[in-house]
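Q: here is a sequence with its predicted model. Questions after.
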Amino acid sequence: MTSFRTNTDAPRAPLSSRFAGRLSRMTWVDVVVAAAVLVLLYLVLRVGQGTTVRFSTERSVRVDTDPSQLPYDAARSLLRMFVALAASTVFTFVYAYAAAKSRRLERILIPALDILQSVPVLGFLTVAVTGFIALFPGSVLGLECASIFAIFTSQAWNMTFGFYHSLTSLPRELDELSRSFRFTKWMRFWKVEVPSGMIGLVWNGMMSFGGGWFFLVASEAISVNNKDYALPGIGSYAGAAITDGDLGKVGWAILTMAVMVIGVNFLFWRPLTAWAEKFKNEQSEATEVQRSVVLDFLRRSHWPHLLGKTLRPVGRGLSRAARAFGTDDRPLTVDPARQRTGDITFALVAGALILWGLIDLGRYLDDHTGLGVFGEPLLLGLVTLARVIVLVAVATVVWVPIGVKIGFSPRLTRIAQPVVQVLASFPANFLFPLAVWFFLRTGLSINVGGILLMALGAQWYILFNTIAGAMSIPSDLREAMDDLGVRGLQRWKRLILPGIFPSYVTGGITASGGAWNASIVAEVVTFGGTTLTATGLGAYIAKATASGDYPHLIAGVAVMSLYVVGLNRLLWRRLYRLADGRYAL
């Protein structure tokens, strides 16, 4: 019998020879990509060295406002922003998955998320500064961690709400596909659920990144308990320039911020949004798609292929290890008696813990100020609530049609994305000089003008989620509407509003929470020696934070959480259920 040697029997070339062969196929594109990555790593290490120097908590830190410091300050701010974004992404996957997959945990985690997004950044910062300074005594790393944590709290909630909604509204055919093929839960998550929610995740990440810019001044120039702590960064630079009343330096800060936002959009967010197009759930290919020069350049490089090939064994190992979590074949029905027993036990344990916390909090406040401390913030909260309702209503009327127009046109998206990013990322503090001048010149009360400043930090959630919702509508559905001649109001009623409604609800709930948070920045406006203070809960919390008045701060944060949770329970949660039941694609 004649035997034949197959290709698999042929001896493989040594590893060094295969690596040399791959290097010989490298082009100038690969050289540029490798050089860019090395430069980026060098800059991260160089900038990161400044996070480990020592400092004293006994004295306030003065910010250097020399314009020559701006490149370094910008790099420090960017590093904090991306570290916070990475932490927010991990938090989003873990928290949203737990809430979506466990009916019992959902009853705790989603209301908790409502409360967390309503807690002001300053409220988190007050606790974070004390904790991280104690964790890293005498080191700037403690302040860095506190600043990153504050930025994280301005990014994570919006991303988590969006991804949670994508998990709970997974298209039925994708769910059946996963069950039919008995995917492991790990495979279902990475192969089905994450791709299904990728467009919303990217656009919500972009919006959350803009939210981080909005609170950059508060997170880098920290004033807690009558002590000022400042970190090198574009936010603290702008805060110091605003305090000094130096319009020239404020202008340099604005220019630097604009360059940073446009650069991050071009190098990071636009490639991501173009890449996410491949996850659109449609049966026919769109005639026009988003493009990115950076993404096209990376696709010409061999590095992504080599990196994927190198990490493939790691992925296979994780996939094998994840089999321990089971397969996606859980029964659709459960024993009612067993479920009822588990629900009662879970409710009793969770209720006991919450009740214990409330009683302990009540004792603390009763010992320091008395429970009457809640009276003033409850009344002030009604004033801020009115501003929030007006803001969300006007933002809906203005930005939903614009967001649909942008989302339906890849060409318009390419033009509008950097513009919207700059507007969404612009901290209200940077406009304080103009706002003070405008309010004093026109006689407009800060009680009304504060709504405009709050809108800078809240309205973009509605716009970005509307864009993501419009982009997620399959092209074949739009083409079918065109073929049937459905136009105007009928098109909005039959296609557009049902298609974007789930994304709009996510945008509305995060815009509402963002507006409450932004009220702390917008209801107290300072430039030079002039301070304008509005009547509202945001100004109440800002004052308590600056003076280190913890009982009043706790009361203000608790009341703000109460208003946000109440609004979410009465309005947004009902709209969520409507979106899941009737308008999921």
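A: Right, received. Where do you want to start?
Q: next, Arg300: phi, psi?
A: Per-residue torsions, Arg300: phi -80, psi -10 (degrees, to the nearest 10).
Q: find the residue closest to it in space, skipping its chain neighbours.
A: Of all residues not flanking Arg300 in the chain, Val29 sits nearest, at 4.8 Å (CB to CB, 6 or more residues apart in numbering). In short, each C-beta sits where N, CA and C put it, glycine included.
Q: tell me, how many residues neighbour that neighbour?
A: Using other CB atoms under 10 Å, the number of residues around Val29 comes to 15.
Q: contact partners for it?
A: 297, 300-301 (CB atoms under 8 Å, 6 or more residues apart in numbering).
Q: out of those, which is most surrounded?
A: Result: Ser301 is most packed of the contacts of Val29 (other CB under 10 Å), 19 neighbours.
Q: mind checking how far that one is from Val37?
A: Counting by CB to CB, to the nearest Å, the gap from Ser301 to Val37 is 10 Å.
Q: which helix or strand contains the closest residue to Val373 other than its chain neighbours?
A: Of all residues not flanking Val373 in the chain, Ala555 sits nearest, at 4.5 Å (CB to CB, 6+ apart). Per DSSP states H and E: Ala555 is located in helix 550-567.
Q: helices or strands up against the host helix or strand of Val217?
A: If you go by DSSP H and E, Val217 is part of helix 216-220. Helices and strands touching helix 216-220, by 3 or more CB pairs under 8 Å, 6 or more residues apart in numbering; DSSP states H and E, are helix 70-101, helix 121-135, helix 140-168, helix 234-244, helix 497-522.
Q: out of the ones you listed, which one sits most buried?
A: Ranked by mean neighbour count, these are led by helix 497-522 with a mean of 27 (mean count of other CB atoms under 10 Å).
Q: average pLDDT for that helix?
A: Averaged across helix 497-522, the pLDDT comes to 83.
Q: again with stretch 548-563
A: Computed over stretch 548-563, the mean pLDDT rounds to 82.
Q: what's near enough to touch the residue nearest to His302 when sequence neighbours are not counted?
A: Closest residue to His302 apart from its sequence neighbours, by CB to CB, 6+ apart: Asp30 at 5.4 Å. By CB under 8 Å, 6+ apart, the contact set of Asp30 is 301-303.
Q: measure Trp28 to Arg300 for me?
A: Taken as CB to CB, the span from Trp28 to Arg300 is 10 Å.
Q: Leu575: which of the contacts of Val29 is nearest?
A: Phe297 (41.8 Å; CB to CB).
Q: related to what we said a few turns ago, and the residue nearest to His302, helix, strand or coil?
A: Per DSSP: H, G, I helix; E, B strand; the rest coil, the secondary structure class of Asp30 is helix.
Q: quick one, strands of the chain?
A: 221-224, 227-230, 524-527, 530-533 (DSSP state E).
Q: I'd like the distance between Ser319 and Val383.
A: 54 Å.
Q: more crowded one of those two?
A: Remark: of Ser319 and Val383, Val383 carries more neighbours, 18 against 13, as counted by other CB under 10 Å.
Q: quick check, distance from stretch 234-242 to the centre of its chain.
A: With CA atoms, centre = their mean, to the nearest Å as the basis, stretch 234-242 stands 23 Å off its chain's centre.
Q: repeat that for stretch 133-153.
A: 20 Å.
Q: average model confidence for it?
A: 82.
Q: only C-alpha atoms, please: export the helix holding Val217 in CSV.
A: Coordinates of the C-alpha atoms in helix 216-220 are reproduced here as CSV (Å, rounded to 0.1, in the frame of the first residue of the first chain):
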residue,chain,number,x,y,z
LEU,A,216,-13.5,67.7,34.9
VAL,A,217,-13.1,71.0,36.8
ALA,A,218,-14.9,69.5,39.8
SER,A,219,-12.9,66.3,39.8
GLU,A,220,-9.4,67.9,39.4
